[in-house]
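Undergrad: 3D model of this:
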Amino acid sequence: MSSVVPPSWPWPANFAPDWLSQSFNNGWTFGNVIQVTNQNSSAPEVEREVVSQYSYGKQIGQLMEVVVAISKAVPAVAKNAEVKKLIAMAEDIDRLKDKARKQRLNDLVKELQALKSTDRQGWADLMALLED
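TA: All right, here's what the predicted structure looks like:
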């Protein structure tokens, strides 16, 4: 195994050193985008269509709800350590969702208060819409 000895500083300011290399993981996607290809799905068109209507989060959430419901109906299932972890995760997710819902509601109230105090006509138009 040979080792590469980097040149000593300073390098030219506008050039990267010759020994610098960076590999990329082709096919990876960062952010909220999920990349579906022939390499990770046997039917990418179908998977994209399904996910456009039922996100992975929605699918997993539905499965978690079923496991929680079964564990409540079958006490022996509820004693399983892995099921207990899943139930705890489901409860934590519910708390996070509730916290986010409350924050969205709080933000909405603040926006409405700001509208009422800064744009009386906008407020009046909104109230007229709500009366319909």
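Undergrad: Going by C-alpha atoms from here, please, whenever you check contacts or count neighbours.
TA: Noted.
Undergrad: now the helices for the chain?
TA: Along the chain, counting by DSSP state H, helices occupy 44-53, 56-73, 75-78, 81-118, 120-131.
Undergrad: what's the closest of the ones you listed to Val36?
TA: Val36 sits nearest to helix 44-53 of all these, at 5.7 Å, using C-alpha to C-alpha.
Undergrad: Which residues belonging to stretch 79-98 are considered buried?
TA: 83, 86-87, 90 (16 or more other C-alpha atoms under 10 Å).
Undergrad: Rebuild these as a markdown table, extending it with distance to Leu112.
TA: Listed next are the buried residues of stretch 79-98 as a markdown table, based on distance: C-alpha to C-alpha, whole Å:
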| residue | distance to Leu112 |
| --- | --- |
| Val83 | 43 |
| Leu86 | 39 |
| Ile87 | 37 |
| Ala90 | 33 |
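Undergrad: now stretch 64-80: mean pLDDT?
TA: Stretch 64-80 shows a mean pLDDT of 91.
Undergrad: Likewise for stretch 91-110?
TA: Across stretch 91-110, pLDDT averages out at 95.
Undergrad: one step back: need the helices of the chain in a markdown table (columns: distance to Gln35).
TA: Output for the helices of the chain, formatted as a markdown table (distance: least, C-alpha to C-alpha, whole Å):
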| stretch | distance to Gln35 |
| --- | --- |
| helix 44-53 | 9 |
| helix 56-73 | 13 |
| helix 75-78 | 36 |
| helix 81-118 | 25 |
| helix 120-131 | 41 |
